[in-house]
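A.B. asks: compute the structure for the input listed below.
(chains A, B and C)
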Amino acid sequence: MLSVAFYSRPTLQILEDLIGKVLIRKSGDGLTSGIIVEAEAYRGQDDPASFASRGRTKRSEMLYGPPARAFVYLTYGMHHLFNVVTEQEGFPAAVLIRALEPLEGMALMQQRRKTDDVLNLCSGPAKLCQALDIDLALNGVSVSSPRSPLILIERTNEDEKRKDLAWRPRVGIREGRDRLWRVYLKGSPFVSVK
DNA sequence: TAAGGGATATGCT
DNA sequence: GCATATCCCTTAT
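C.D. replies: Numbers count the residues shown, from 1 in each chain, chains lettered A, B, ... in the order given. Got it, this is the predicted structure:
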């Protein structure tokens, strides 16, 4: 499992390192997991895309907290977004997980997403929250505790065997209009933005 | 391409 | 208080 130290480093470094890691969600109705193929960084009050750019408010408070905690919020009134808090307590920063390659619990994901299309299960920040049943109830939970319902780990050999990936993790960097720090796994069909 | 929907922050009164 | 604009999206068209 990725340690607190992993999340205490500079956010852009963490951002890149998270590509290829596995996000695991344990819930009452089963286990679901996926390989991170796209993510995006928000760091500091000077980042105009970050909640923190508009000061320390109730909504941005989690960003200022200690690293290795989940920051979940609702956007557009209906979609949950999942971030991992990074850097030292007091410095507002996080990485938004934007897309996963589904790994385990495929049937459960299909049921929650109401589709059988594997490419449509986790190819977006709100889609993956729906597929993994991530909502506000998980806001603030640790992602580096063995007992947590939400953890991140290195890919294991078992995963490699199961997936037999054709591509190797190579990170691409996308510079959007105002989102400068988005990375994705090159060649993956599971990224959210084509 | 647009509509759907709720929480948040801001700017009034 | 209340009104309004905005928000890191998805689905259906």
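
A.B. asks: the residue nearest to residue A:189 when sequence neighbours are not counted - how many residues pack around it?
C.D. replies: In space, and not counting its chain neighbours, residue A:189 is closest to residue A:119: 6.1 Å by Cβ to Cβ, 6 or more residues apart in numbering. Yep, even glycine has a C-beta here, placed from its N, CA and C like the rest. Residue A:119 has 11 neighbours, counted by other Cβ atoms under 10 Å.

A.B. asks: residue A:119 contacts residue A:191, doesn't it?
C.D. replies: No - applying Cβ atoms under 8 Å as the test, residue A:119 and residue A:191 come out as separate, 10.3 Å apart.

A.B. asks: so which residues of chain A form helices?
C.D. replies: A:4-7, A:11-18, A:61-64, A:106-113, A:125-131, A:157-163 (DSSP state H).

A.B. asks: need those in CSV with distance to DNA strand B, mean pLDDT and mean neighbour count, can you?
C.D. replies: Below are the helices of chain A laid out as CSV (distance: least, Cβ to the nearest atom of the strand, whole Å; pLDDT from 0 to 100; neighbours: other Cβ atoms under 10 Å):
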stretch, distance to DNA strand B, mean pLDDT, mean neighbour count
helix A:4-7, 23, 97, 18
helix A:11-18, 21, 91, 20
helix A:61-64, 8, 93, 19
helix A:106-113, 15, 95, 18
helix A:125-131, 9, 96, 23
helix A:157-163, 31, 68, 11
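
A.B. asks: output these as TSV; include the columns distance to residue A:79.
C.D. replies: Output for the helices of chain A, formatted as TSV (distance: least, Cβ to Cβ, whole Å):
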stretch	distance to residue A:79
helix A:4-7	24
helix A:11-18	21
helix A:61-64	17
helix A:106-113	13
helix A:125-131	3
helix A:157-163	27
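
A.B. asks: residue A:97: which of those is closest?
C.D. replies: Residue A:97 lies closest, by Cβ to Cβ, to one member of the helices of chain A: helix A:125-131, at 6.6 Å.

A.B. asks: from the chain's centroid, how far away is the closest one?
C.D. replies: When distances are taken as Cα atoms, centre = their mean, to the nearest Å, helix A:125-131 is centred 10 Å away from the chain's centroid.
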